[in-house]
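Trainee: for reference, the sequence and a predicted model appear below.
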Amino acid sequence: MRNITPKQAHAAYDILVRLAGASDHRDARDEFVYHVAHVYRPATEFRFGGSLGWGGKFRNNGNCNDTPHVTCYREHETPERVAAIVNVNTALAALFGEEPPCP
């Protein structure tokens, strides 16, 4: 798991809003930032939904070369959702200075 600063969490949430349809409501953003950048016990995953459906999750669990990434339920994948996942993961990798993670 990667340590994520509040500034990085805000930038990551901007990506989720722009590329994955996450809610742009301040409360949703604050909840995301609190959970993924929590100093003592950061979340390894955060369900944000958006255009990826109920299974849309931001993951910071050490997988994919320890690069934060998004996924959705395999059974809910569509060509549009897979394209969104690739776009989000590419943007997240750039944010964290990494190569794009595994699909």
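Mentor: Now that the structure is in, tell me what you want to look at.
Trainee: from here on, contacts and neighbour counts on C-alpha atoms
Mentor: Will do.
Trainee: regarding residue 70, what is its secondary structure?
Mentor: strand (DSSP: H, G, I helix; E, B strand; the rest coil).
Trainee: for it, which non-adjacent residue is closest in space?
Mentor: residue 58 (4.5 Å; CA to CA, 6 or more residues apart in numbering).
Trainee: in the protein, which spans are strands?
Mentor: 45-47, 57-59, 69-71 (DSSP state E).
Trainee: can you lay out these as TSV showing distance to residue 22, mean neighbour count and mean pLDDT?
Mentor: What follows is the strands of the chain, written out as TSV (distance: least, CA to CA, whole Å; neighbours: other CA atoms under 10 Å; pLDDT from 0 to 100):
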stretch	distance to residue 22	mean neighbour count	mean pLDDT
strand 45-47	10	17	93
strand 57-59	10	22	94
strand 69-71	12	25	93
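Trainee: so who does the residue nearest to residue 70 touch?
Mentor: 45, 46, 47, 48, 68, 69, 70, 71 (CA atoms under 8 Å, 6 or more residues apart in numbering).
Trainee: select the longest helix from this structure.
Mentor: helix 79-95 (DSSP state H).
Trainee: which secondary structure elements does it contact?
Mentor: helix 6-20, strand 69-71 (3 or more CA pairs under 8 Å, 6 or more residues apart in numbering; DSSP states H and E).
Trainee: just the CA trace of the helix or strand of the chain with the lowest mean pLDDT, in CSV.
Mentor: Sorting the helices and strands of the chain by mean pLDDT, DSSP states H and E puts helix 63-66 at the bottom, at a mean of 83. C-alpha atoms of helix 63-66 as CSV (Å, rounded to 0.1, in the frame of the first residue of the first chain):
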residue,chain,number,x,y,z
ASN,A,63,-1.3,-4.8,-6.3
CYS,A,64,-0.5,-3.5,-9.8
ASN,A,65,3.1,-2.5,-8.9
ASP,A,66,1.8,-0.7,-5.8
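Trainee: how about residue 33, what does it touch?
Mentor: Counted by CA under 8 Å, 6+ apart, residue 33 has contacts 6, 9, 10, 13.
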